[in-house]
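[1] Build me a model:
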Amino acid sequence: MKILVVAGEASGDMHGARLIHEIKSTAPDTEFYAVGGEQIRSEGAFILFDCHRLAVVGIIEILAHLHVIMGCFRLLKNFLRVHKPDLVILIDYPDFNLRLAKIAKKMGIRVIYYISPQIWAWRRNRLKYISRWVDKMLVIFPFEVPFYSKAGMNVEFVGHPLLDSISPKISQESFKVKFGLGKGERLIALMPGSRKGEVLRILPVMLEGAKRLTENRQGSWRFILILAPTIDQSIIAPLVKKYTHVLSINIIQGYTYEALKASELAFVASGTATLETAIIGTPMLILYKLSWSTYFIAKKMIRVPAIGLVNLVAREKLFPELIQGEATGEKLAEEAERVLEDPESRRRMIQGMARVRQELGQAGAARRAADAVIRFLNESQELKGSPTSPLNQT
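    The predicted structure follows:
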């Protein structure tokens, strides 16, 4: 069996790698080809295109990288035509992946979408296209099931894959020793995102907010800047350097969950990181900034009452959201002081995070997703009249 997996960014690389690992544990002879990164490569997949070259956000930014994106699309279209894989598994990255789903369906290739595009938040008109081009949806939020079921789609809730990946590598004591964190210091985590553009827009706000908070409050504060593996330290070095004379900052890569666990508050860019923070159990403030042109268009299309994924899962605004014009250092410092000084506000956040963790299901999402993929392939073989499925022979 040949399967093409398309993951357009770092988080998709992680989730795709786990899914491939689980499928291979049942069907070891399956051949995988992918758009992905090092994690998918480490599972034995042949990388057709490096996903980090596709990781851009915003209309203007996408236009600037259009030649790279279209080059990847042409490569995959040719791959589908020449190699005819038995299945295409698409992971998030909707603008690109939905167009590829259409091409695959026209060629008679089956399509599974793992980690749904967030069309329930905006651009709901895409649902009619997804129902035509995607054979099965594997969703990670329970509220997505009725959304797709109403469109007559084959949909299955498998739980959130973050529940499998969030596990500290070392103890809190070892973490603090490793990075020279003193016992009396109060720690605040900064998570500015995983894409270069968003980091360059959001990190300055976080640093300014940290500076104002330090100036306004007594105590020994240290800020832990959690850098995604997709961001080179040289990119953020000039920004951080402006604040090193007034802030104690540790730059950390590879110990995200230890850093969050050690912190009493986190400044978090809107996205999957808000769910990671909630699973760890650290109160947070959510920020996001787009280019103004992208924001102007997006604002007219968004159909949900909150931006942060954690607030959407909780079905209430548990955590303050500072979006676009409200994302300023002054506003961030004000909100941080309120959370740090108000025990009741902190208690509500902690209770809400416990509810969010329950909503995300149980650990084992990748295993359940792999089982669903294998069942789908076996059922498809039976419908074709094949007496035995290749997956049943392994």
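[2] contacts, neighbours, all on C-alpha from now
    OK.
[3] Straight-line length of stretch 226-245, end to end?
    The first and last residues of stretch 226-245 sit 19 Å apart, counting by Cα to Cα, to the nearest Å.
[4] which other residues reach it?
    10, 52, 189-196, 200, 203-204, 207, 211, 251-256, 259 (Cα atoms under 8 Å, 6 or more residues apart in numbering).
[5] and with 10 Å instead?
    9-10, 52, 55, 189-196, 199-200, 203-204, 207-208, 210-211, 225, 247, 249-257, 259-260, 268 (Cα atoms under 10 Å, 6 or more residues apart in numbering).
[6] cool, stretch 370-387 as well?
    Residues contacting stretch 370-387 (Cα under 10 Å, 6+ apart): 1, 18-27, 86-87, 89, 110, 112, 114, 135-138, 156-158, 364-369, 388-392.
[7] send the alpha carbons of stretch 201-209 over as PDB?
    Listed next in PDB are the C-alpha coordinates belonging to stretch 201-209 (Å, rounded to 0.1, in the frame of the first residue of the first chain):
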ATOM      1  CA  ARG A 201       4.700  40.800  15.100                       C
ATOM      2  CA  ILE A 202       3.900  39.300  18.500                       C
ATOM      3  CA  LEU A 203       7.200  39.000  20.400                       C
ATOM      4  CA  PRO A 204       7.800  42.800  20.600                       C
ATOM      5  CA  VAL A 205       4.400  43.100  22.300                       C
ATOM      6  CA  MET A 206       5.200  40.400  24.700                       C
ATOM      7  CA  LEU A 207       8.600  41.900  25.600                       C
ATOM      8  CA  GLU A 208       7.100  45.400  26.000                       C
ATOM      9  CA  GLY A 209       4.400  43.900  28.300                       C
END
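[8] In strands only, show me the contacts of stretch 226-245.
    Taking DSSP state E as the definition of strands, those contribute 189-191, 225, 249-252, 268.
[9] Give the full set of residues in contact with the residue nearest to the spatial centre of the chain.
    Nearest to the geometric centre of the chain sits T272, at 4.0 Å (Cα atoms, centre = their mean). Contact partners of T272, counting by Cα under 10 Å, 6+ apart, are 11, 162, 193, 308-310.
[10] and the gap between it and R346?
    For T272 relative to R346 (Cα to Cα), the value is 21 Å.
[11] Repeat that for R222.
    In terms of Cα to Cα, R222 sits 20 Å off from R346.
[12] Do I have it right that P192 meets I251?
    No - using Cα atoms under 10 Å, P192 makes no contact with I251, being 12.0 Å away.
[13] Now do the shared contacts for those two.
    The contact lists of P192 and I251 share 225-227, where a contact means Cα under 10 Å, 6+ apart.
[14] Residue ranges in this protein under the pLDDT threshold?
    For the chain, residues meeting the criterion pLDDT under 70 lie at 55-65, 119-125, 291-307, 383-394.
[15] and if we set it to 50?
    Filtered on pLDDT under 50, the chain yields the residue ranges 295, 297, 387-390, 392-394.
[16] How is it partitioned into domains?
    2-159+364-393, 172-359 (automatic domain parsing).
[17] can you redo the ones you listed as JSON lines with distance to I166?
    Formatted as JSON lines, those follow (distance: least, Cα to Cα, whole Å):
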{"stretch": "domain 2-159+364-393", "distance to I166": "12"}
{"stretch": "domain 172-359", "distance to I166": "7"}
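[18] Check the gap between the closest residue to V158 other than its chain neighbours and P161 for me.
    With sequence-adjacent residues excluded and distances taken as Cα to Cα, 6 or more residues apart in numbering, V158 is closest to A365, at 5.2 Å. Between A365 and P161 the computed distance is 5 Å (Cα to Cα).
[19] what touches both of these two?
    15, 18-19, 140.
[20] Counting neighbours, which of the residues you listed comes out on top?
    L19 (26 neighbours; other Cα atoms under 10 Å).
[21] Phi, psi for it please.
    phi -60, psi -50 (degrees, to the nearest 10).
[22] Do I have it right that it meets A365?
    Yes - using Cα under 10 Å, L19 and A365 qualify as a contacting pair, with a distance of 8.7 Å.
[23] okay, and the common contacts of these two?
    Common neighbours of L19 and A365 (Cα under 10 Å, 6+ apart) are 161, 371.
[24] from the chain's centre, how far out does the longest helix along the chain sit?
    Taking DSSP state H as the criterion, the chain has its longest helix at helix 196-216. Chain-centre distance of helix 196-216: 21 Å, with Cα atoms, centre = their mean, to the nearest Å.
[25] Strands of the chain, start to end?
    Using DSSP E, strands in the chain cover 2-7, 31-36, 46-50, 87-91, 110-114, 136-139, 155-157, 186-191, 221-226, 249-252, 265-269, 284-288, 321-323.
[26] The third one pairs with which strands, parallel or anti?
    Spelled out, that is strand 46-50. Sheet pairing of strand 46-50 (DSSP bridges) gives strand 31-36 (parallel).
[27] which residues touch the partner strand?
    Contacts for strand 31-36 (Cα under 10 Å, 6+ apart): 1-14, 16-17, 20, 24, 40-41, 43-54, 72, 76, 79, 85, 87-90.
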